[in-house]
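Trainee: Quick one: sequence and predicted model below, then my questions.
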Amino acid sequence: MKKIEIYTTTTCPFCHAAKALLTQKNVAFSEIDVTNKAQLRQAMTDRAGGVTSVPQIFIDNEHIGGCDELYSLDKKGSLDVLIGLDT
């Protein structure tokens with residue numbers, strides 16, 4: 001299984017939606033809550049190439065983007081391949 005990391009905040013509806021999709025796919029993921037944690041948020045921003053919004057999602061250390069990108073990949077059928085469900 002692929003390593004999936006998602007940076008979130010507690011009140012972000014897009015974070016909840018992204019986590020719901022990953023949960024629906026029945027894949028394990030690590031959630032990194034950056035709520036009121038400037039150092040963690042800066043680490044996320046650095047990894048995401050300057051993007052400051054949440055969620056930010058990484059699959060095997062590859063930056064996927066946010067919630068919209070995650071759902072777009074799913075709609076195209078590419079998400080299952082990226083997260084290793086097609087094997």
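Mentor: Structure's in. What do you need?
Trainee: neighbours of the closest residue to Leu85 other than its chain neighbours, just the number please.
Mentor: Closest residue to Leu85 apart from its sequence neighbours, by CB to CB, 6 or more residues apart in numbering: Lys25 at 6.5 Å. Using the backbone N, CA and C atoms, a C-beta is placed for each residue, glycine as well. Neighbours of Lys25 under the rule other CB atoms under 10 Å: 14.
Trainee: OK, contacts around Lys25?
Mentor: 79-80, 83, 85 (CB atoms under 8 Å, 6 or more residues apart in numbering).
Trainee: next one: the longest helix belonging to the chain to chain centre, how far?
Mentor: Counting by DSSP state H, the longest helix found in the chain is helix 13-24. Here helix 13-24 shows a centroid-to-chain-centroid distance of 9 Å under the convention CA atoms, centre = their mean, to the nearest Å.
Trainee: ditto for stretch 21-39
Mentor: Distance, stretch centre to chain centre, for stretch 21-39: 7 Å (CA atoms, centre = their mean).
Trainee: Over to stretch 47-57?
Mentor: Stretch 47-57 sits 9 Å away from the centroid of its parent chain (CA atoms, centre = their mean).
Trainee: Identify each buried residue in that stretch, please.
Mentor: For stretch 47-57, a neighbour-count test (16 or more other CB atoms under 10 Å) marks 48, 54-57 as buried.
Trainee: Which one of the residues you listed is nearest to Thr11?
Mentor: Thr11 lies nearest to Val54 out of those, by CB to CB, at 9.9 Å.
Trainee: With Thr10 as the reference, measure out to Thr52.
Mentor: Counting by CB to CB, to the nearest Å, the separation of Thr52 from Thr10 is 17 Å.
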